[in-house]
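Student: no sequence on this one, just coordinates:
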């Protein structure tokens, strides 16, 4: 099946790149609608858009009903207003209602307005509007600056095995675009950036720089780092000059170029200051000046705004965008890695969403909104909402087991959330009537998706809440938990975790079966080593300790590094768990 | 040294080359610097003349006080040259170990072992090699003495730079490689600056160690040869042998004066200058100051000279290496480098293997009595070292905590303690010995006192630093709960200073093992006084030229130090880093 799918996909892709729209249309007509929609979604977005514009109205309507609502929304908008209206009209009524139902409120309102406008236009102007699609509007395939083919990353475990951090991935960076790579923390997005920029080599696969292998190509790139990575013993201007000196540039020219770039980022007059005399925002400006000074083809940004406070970050993002829009930057593309959804939707022309364990690209789509973007506009929120749903939705397909290697059952990961955080979320949900759109929850709590997601995952894992299409709904047990007092909560938490959390079940069974009811923590660490990298093992252990102690499943003695089965009589032990 | 400070100060504004405006006041201000420059030049000339002269290994050491300035100058010159060589060695060794994973596997354990070998054990090898290399000039013997000083000071510096280079933050390294900094620019703009703070402190400790072992390094018997080099160390040793209290007093006085002078002229300015290498995100409110550094920075002569020499040289070097890096193909250079490093590594491994085989053969020559002596000595010295640490802890912990808790007391006590600590204990040995002989204690007990003199300061300073770092809110909590004095100590002070205490004990323990070679075997008033101990075994073997015994004693000591470090100190360190860390 898989092989066939790829074959068909390549055929469609080829047909589309040759602009043979009729052939593509016939192909799609020849298969069940659901398969056709799925197939269409596998080709590059530009091609999807180009084809969708060309499709006969009836086929477009059928397909629109089979797409996920956000995809349908975006593709519909690739057609002129009246055609969009015609497509919507011809959709199967049931599918149409479903589509409208799923749209977030803002997007729904905006679509309603547009359709109303289209109807008005049609009554005003007689006759059909020319389906004007100039050849130049078809997006030509552009030669990418950097192209990754099947790159993956594996790290060695202490016991000699391997942990796959990044699954084989194809990725290319085209000129003239801001590309955002979104993922939760620890999803491997920074590793991907480092492989694309040539800092680390992939375990396998190739990275091509203008078609040349990266190692020999000496790519001209720059990175803006989360921690700024300035040299504190050099003055601001010496920091900016350092990469120029490395290129053997003479002093006078170097100085001139550095001053120019400092002026661009608004740091004129600070040349001779040391970084430690500057605020965080100004330090990152130095980081930008240093990056721009080398006139990079691609400017990489690794969580460049994460270490700054909200206002400073917002300000700096705005200035960056302005420089980019006004072409004051000598760079052809920007590739940024972030966990902040709004940042991605604010800046990016194209967004890649990464899933975890191992990282793979889960979605790759364009954001064809005009700059500057309005944070409260319907389209903006539509994208934010869409990405939220993408990131909260569990992975659809598990990795097919590779031949020759026994497939290890993927270990259920403990989300890194604290019991207190889970309680807080459930209380909020309960107060809001038990059901709420996830994006609104995040907004309410002023939380990044990065911080919220683990809590949501934990609540669903424990069966306290359900996640359905971006809506978080409290369950009966969750309601009981939210309204209970401390003792009730502990009992509920204990029941839920012993019933649904494999790691805690494992620990409980092991402890209960031993005569002294004690086990070294090292034992469980070894088990986890089988499934995770070293840092992740530590986080899993920390979370398990946190949960197990809260739920009164066990106590932990740090002196001997042992877990002891909780016995209600051990008063000191429970006090110990409270202190943590 | 002096040229370092202005060149590396503020960004030289040599774009606008301004001439030397010769106003009267600026000339006046620069007069001391000009005079100092001339004096240095004359000193170098005189030293060169002396070193190039014929061998004179048995000069009469003149116990007259008027000879002291010359002797002091010779000693300072030796220590300085040894330091410069140590510096060079440190950078090269640490750089290779930090950059080459294969070399690292050999070089780091080797360094660990070398660090635990006492100075005297190097003596015969180093001396014989140098004297046979340059047999006719004074330079040969001098170089031997200098290398001996070097073996006492270089290892901890190297270790410090190596571990600094290995702990550079990842994103800084990534910035260096994404912006294609070549190896030279990496070294001068990233690796050296990052290592600077640790290197400065270790340099100070190293030079202090050099003063400590100066007596052993300037005057010694090597088999049938009695070697003496004119210097402060040999002066003190001779005065001690003669029991001339007046001369000892003069010698100690001059030594203290020289140490204080060096502190003011070199170390304070270097510390104040190195402040800019701190990895802090915000500027500290209090920074160390040095009048000397201010003088150098304000000097027009020096800043002019730096603009004309240091800055252009730096620029040319940087451009040169950038050009080299741009033209050499990385792949070609890599294969060549790989081959060179393979050959070097093979040679080193072969040499080490030969050395180990020879060593085992030589150890085979030890009689049963010899082996017994070594083990007995090791046991005795072990007990002595631990006793010293306990005694040192007993007085330094209460005193240190009290001083550290009272800032005003600390302001008075710290400079005094620093001067007291800077006096090498070896210089005081004769006076202490005289006292011991009067009261009738043997060297068995006396050597503990001698060890104490040398090592207690490490603990004291660390305890003071630890007590000063106790956050005031924790102290206030104690007040709120009306904790009794003893409870306060148990609940707050002792846990809070624990990490500092461990650091102090580790340093003191290493120092005590090393110092045992001069504390357990002393020449005084024409006699050799010694006691049972590993240090005495090594010293006696050196004196007699008994190489198998020297080797046996050294291997024993290195083993004990390394094993003790691994088994005890490292675990305590881990405990201090996890459980007793005061997080901000």
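Tutor: Yep, it's here. Since this is a predicted model, take the numbers as computed values, not measurements.

Student: give me every residue in the stretch 301-450 of chain B lying close to chain A.
Tutor: Residues of the stretch 301-450 of chain B lying near chain A by C-beta under 8 Å from any C-beta of the partner chain: B:315, B:318-319, B:322-323, B:325-326, B:331. Yep, even glycine has a C-beta here, placed from its N, CA and C like the rest.

Student: which among those gets closest to chain A?
Tutor: Closest approach between those and chain A, by C-beta to the nearest C-beta: residue B:322, at 3.6 Å.

Student: give me the mean pLDDT for whichever strand or helix holds the closest one.
Tutor: Taking DSSP states H and E as the definition, residue B:322 sits inside helix B:310-327. For helix B:310-327, the mean pLDDT works out to 83.

Student: and that helix, what other elements does it pack with?
Tutor: If you count contacts as 3 or more C-beta pairs under 8 Å, 6 or more residues apart in numbering or on different chains; DSSP states H and E, helix B:310-327 packs onto helix A:236-246, helix B:4-7, helix B:183-186.

Student: for the stretch 1-150 of chain B, give me the ranges with low pLDDT.
Tutor: B:1-27, B:56-58 (pLDDT under 70).

Student: contacting residues for residue B:555?
Tutor: The contact partners of residue B:555, by C-beta atoms under 8 Å, 6 or more residues apart in numbering or on different chains, come to B:359, B:363.

Student: can we see that at 10 Å?
Tutor: Applying C-beta atoms under 10 Å, 6 or more residues apart in numbering or on different chains, we find residue B:555 in contact with B:113, B:117, B:121, B:359-360, B:363, B:374.

Student: separation between residue B:514 and chain A?
Tutor: In this view, residue B:514 and chain A are 34 Å apart by C-beta to the nearest C-beta, to the nearest Å.

Student: which element is the residue lying closest to residue B:538 once chain neighbours are set aside on?
Tutor: Among residues not flanking residue B:538 along the chain, residue B:553 sits closest, at 4.2 Å (C-beta to C-beta, 6 or more residues apart in numbering or on different chains). For residue B:553, the host element (DSSP H and E) is helix B:547-564.

Student: name the next helix or strand following that helix along the chain.
Tutor: Moving toward the C-terminus from helix B:547-564, the first helix or strand encountered (DSSP H and E) is helix B:570-578.

Student: check which residues of the helix holding residue B:553 are buried.
Tutor: Going by neighbour count (16 or more other C-beta atoms under 10 Å in any protein chain shown), the buried part of helix B:547-564 is B:548-558, B:560-561, B:564.

Student: is it true that residue B:300 touches residue B:28?
Tutor: No: contact status for residue B:300 versus residue B:28: not in contact, 11.1 Å apart, counting by C-beta atoms under 10 Å.

Student: which one's more surrounded, these two?
Tutor: The neighbour comparison of residue B:300 against residue B:28 (other C-beta atoms under 10 Å in any protein chain shown) goes to residue B:300, with 17 against 9.

Student: and that one, how far from chain A?
Tutor: Residue B:300 is 20 Å from chain A, where distance means C-beta to the nearest C-beta.

Student: got it, and residue B:443?
Tutor: From residue B:443 over to chain A (counting by C-beta to the nearest C-beta), the distance is 44 Å.

Student: what residues are up against that residue?
Tutor: Residue B:443 makes contacts with B:433, B:436-437, B:449-450, B:519-522, B:524, B:529-533, B:536, as judged by C-beta under 10 Å, 6+ apart.

Student: now which of those would you call buried?
Tutor: Taking 16+ other C-beta under 10 Å as the criterion, what is buried in these is B:433, B:436, B:449-450, B:519-522, B:524, B:529-533, B:536.

Student: what average pLDDT does whichever strand or helix holds residue A:96 get?
Tutor: Secondary structure assigned from DSSP H and E places residue A:96 in helix A:93-102. Helix A:93-102 carries an average pLDDT of 73.

Student: and it, what does it pack onto?
Tutor: Where contact means 3 or more C-beta pairs under 10 Å, 6 or more residues apart in numbering or on different chains; DSSP states H and E, helix A:93-102 is packed against helix A:57-66, helix A:69-76, helix A:81-90, helix A:105-124.

Student: quick one: buried residues of that helix?
Tutor: Quick answer for helix A:93-102 (16+ other C-beta under 10 Å): A:95-96, A:99, A:102.

Student: from the residues you listed, which is closest to residue A:455?
Tutor: Using C-beta to C-beta, residue A:102 comes nearest to residue A:455 of the buried residues of helix A:93-102, at 24.2 Å.

Student: contacting residues for the nearest residue to the closest one once chain neighbours are set aside?
Tutor: Ranked by C-beta to C-beta, 6+ apart and with sequence neighbours excluded, the top spatial neighbour of residue A:102 is residue A:69, at 4.0 Å. For residue A:69, the contact set (C-beta under 10 Å, 6+ apart) comprises A:98-104, A:107-108, A:382, A:386, A:389, A:469.

Student: likewise for residue B:122?
Tutor: Listed by C-beta under 10 Å, 6+ apart, the contact set of residue B:122 reads B:114, B:147-148, B:150-152, B:217, B:542, B:554.

Student: just residue A:90 next, same as before
Tutor: By C-beta under 10 Å, 6+ apart, the contact list for residue A:90 reads A:56-62, A:64-65, A:96.

Student: what pLDDT does residue B:165 get?
Tutor: For residue B:165, the model assigns a pLDDT of 90.

Student: name the residues that touch the helix holding residue A:96?
Tutor: Applying C-beta under 10 Å, 6+ apart, the external contacts of helix A:93-102 come out as A:33, A:61-62, A:64-70, A:72-73, A:76, A:88-92, A:107-108, A:111-112, A:389, A:469-470.

Student: rewinding a little: which parts of the helix holding residue B:322 are buried?
Tutor: By neighbour count with 16+ other C-beta under 10 Å, helix B:310-327 contains the buried residues B:310-311, B:315, B:318-319, B:321-322, B:325.

Student: which elements pack onto the following helix or strand past that helix?
Tutor: Per DSSP H and E, the first helix or strand lying C-terminal to helix B:310-327 is helix B:330-363. Helix B:330-363 sits against helix A:214-217, helix B:68-99, helix B:101-115, helix B:368-405, helix B:547-564, with contacts defined as 3+ C-beta pairs under 10 Å, 6+ apart.

Student: what mean pLDDT does the shortest one get?
Tutor: When you say that, I think you mean helix A:214-217. Helix A:214-217 shows a mean pLDDT of 77.

Student: quick one: contacts of it?
Tutor: Residues contacting helix A:214-217 (C-beta under 10 Å, 6+ apart): A:146-148, A:195-198, A:201-202, A:206-211, A:221, B:329-331.

Student: just these: which are in strands?
Tutor: A:146-148, A:206-209, A:221 (DSSP state E).

Student: circling back: mind checking which of the helices and strands packed on helix B:310-327 is nearest residue B:390?
Tutor: Closest of the helices and strands packed on helix B:310-327 to residue B:390 is helix B:4-7, at 42.1 Å (criterion: C-beta to C-beta).

Student: rewinding a little: CSV please, covering the contacts of residue A:69 and showing distance to residue A:269.
Tutor: Converted to CSV, these look like this (distance: C-beta to C-beta, whole Å):
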residue, distance to residue A:269
A:98, 59
A:99, 56
A:100, 56
A:101, 57
A:102, 53
A:103, 50
A:104, 46
A:107, 46
A:108, 51
A:382, 43
A:386, 44
A:389, 47
A:469, 53
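
Student: pick the one among these closest to chain B.
Tutor: The closest of the contacts of residue A:69 to chain B turns out to be residue A:386 (C-beta to the nearest C-beta; 31.9 Å).

Student: chain center to stretch B:239-253, what's the gap?
Tutor: Once both centres are worked out by C-alpha atoms, centre = their mean, to the nearest Å, stretch B:239-253 turns out to sit 26 Å from its chain's centre.

Student: contacting residues around that stretch?
Tutor: Residues outside stretch B:239-253 that contact it (C-beta under 10 Å, 6+ apart) are B:61-68, B:71-72, B:215, B:219, B:232-238, B:423-424, B:426-431, B:433-434, B:522-528.

Student: also stretch B:474-488?
Tutor: B:401, B:405, B:470-471, B:489-494, B:496, B:582.
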